[in-house]
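Student: all I have is the shape, not the residue letters:
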């Protein structure tokens, strides 16, 4: 295979051909995708060279509201620029920086592994058509690349302890320690094992302006799609007399969330962890009483999710309550424009729950995945509270 592919920082999740349409995909398209993967993760080398267990990412020294000095910038969570108050920032070449961040992006890495595994599993059906020899070579190439990945997978996929410090309105620091567990390459529903940029950005806003979010008074607070539990932990630290409930679906995510909450329990309101399936919800125990505040960040990955989410909020939020939702704006890939489903489901002027306020948040260097161009923060409430 030639090495003439022009490498850029396009995420693999946006350029790899859909496996559902594999039989209609040409040998050349598959070969090009495989070459892009090879050049992305092993530039100017052959696949026999092992993938380093940890990519080295440029360390940025920034005077910011958020401080994370324990790990390099992974592309999921890092420092906040404080919009115009950057000081002492060390930058490398932008293209190289973007490629390094993409190589360290565990979501993209997991996506590539699943795609390669799926391609190989469907190999018999795909090669039993035209250009059998070329397609067999492509399957062999996919197997070679997958072997290079998985050869160090046990070593590479390790949990990372992340230290975050948010500056509060009083100037004090709100410190959070999170365990970001490795993503499962076999289960796409386990994405909540890691902290996503949307939750970092929303947590920062909660700390700098707690009264805006109704924090600081005794309230019932619910987090939907809690993931690592960051928003619940921050809410519990800012509102110590409140009742906080963190919910998610995947058992591994719930276990990791519970561990994070135990780690950060000192000086906080108690946080309960509950399983909640949005599609088939069961409202029992801590979920039987209505909540004053509902929080969620980066929880929409399918057109149906916004509708399911609305159903859960309708059942759990009291009249006069507020639902704060932070969603990334993705410009490419299969999640492109997914934020629009929120605006459709919670349409202004409609009955029930509606968007009362919308804030556009710009993407900052070093924060978020490669396909995120910004964020939308929605304040959602009951239509009769809109006036």
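Tutor: Received it, and whenever you're ready, just let me know what you need. Because the structure is predicted, anything quoted here is derived from the model rather than measured.

Student: so where do the helices sit in this protein?
Tutor: Ranges of helices in the chain, per DSSP state H, are 12-15, 27-41, 94-103, 106-121, 123-127, 132-150, 153-156, 197-208, 230-238, 251-263, 303-316, 339-345.

Student: make a markdown table from those helices and add distance to residue 378, mean pLDDT and mean neighbour count to it.
Tutor: Placement of C-beta: from N, CA and C, glycine included. Formatted as a markdown table, the helices of the chain follow (distance: least, Cβ to Cβ, whole Å; pLDDT from 0 to 100; neighbours: other Cβ atoms under 10 Å):
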| stretch | distance to residue 378 | mean pLDDT | mean neighbour count |
| --- | --- | --- | --- |
| helix 12-15 | 25 | 88 | 19 |
| helix 27-41 | 34 | 90 | 19 |
| helix 94-103 | 27 | 70 | 17 |
| helix 106-121 | 23 | 86 | 20 |
| helix 123-127 | 43 | 68 | 15 |
| helix 132-150 | 38 | 80 | 17 |
| helix 153-156 | 36 | 46 | 14 |
| helix 197-208 | 11 | 94 | 24 |
| helix 230-238 | 14 | 97 | 27 |
| helix 251-263 | 23 | 93 | 19 |
| helix 303-316 | 11 | 96 | 18 |
| helix 339-345 | 6 | 92 | 18 |
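
Student: now render these as TSV, adding distance to residue 360.
Tutor: Formatted as TSV, the helices of the chain follow (distance: least, Cβ to Cβ, whole Å):
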stretch	distance to residue 360
helix 12-15	22
helix 27-41	31
helix 94-103	23
helix 106-121	23
helix 123-127	43
helix 132-150	37
helix 153-156	36
helix 197-208	12
helix 230-238	20
helix 251-263	29
helix 303-316	18
helix 339-345	10
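
Student: nearest to residue 277, out of those?
Tutor: Nearest of the helices of the chain to residue 277, taken as Cβ to Cβ: helix 303-316 at 8.9 Å.

Student: contact partners of the closest one?
Tutor: For helix 303-316, the surrounding residues in contact (Cβ atoms under 8 Å, 6 or more residues apart in numbering) are 222, 224, 276, 278-279, 281, 283, 287, 290-291, 294, 296, 299-300, 323, 325, 338, 341-342, 344-346, 352-353, 380.

Student: out of the residues you listed, which are inside strands?
Tutor: Residues of the contacts of helix 303-316 located in strands (DSSP state E): 222, 291, 294, 296, 323, 325, 353, 380.

Student: quick revisit: out of the helices of the chain, which is closest to residue 172?
Tutor: Of these, nearest to residue 172 by Cβ to Cβ is helix 197-208, at 9.3 Å.

Student: which elements pack onto the closest one?
Tutor: strand 160-167, helix 230-238, strand 291-297, strand 317-330, strand 372-382 (3 or more Cβ pairs under 8 Å, 6 or more residues apart in numbering; DSSP states H and E).

Student: the same query, at a cut-off of 6 Å, please.
Tutor: If you count contacts as 3 or more Cβ pairs under 6 Å, 6 or more residues apart in numbering; DSSP states H and E, helix 197-208 packs onto helix 230-238, strand 291-297, strand 317-330.
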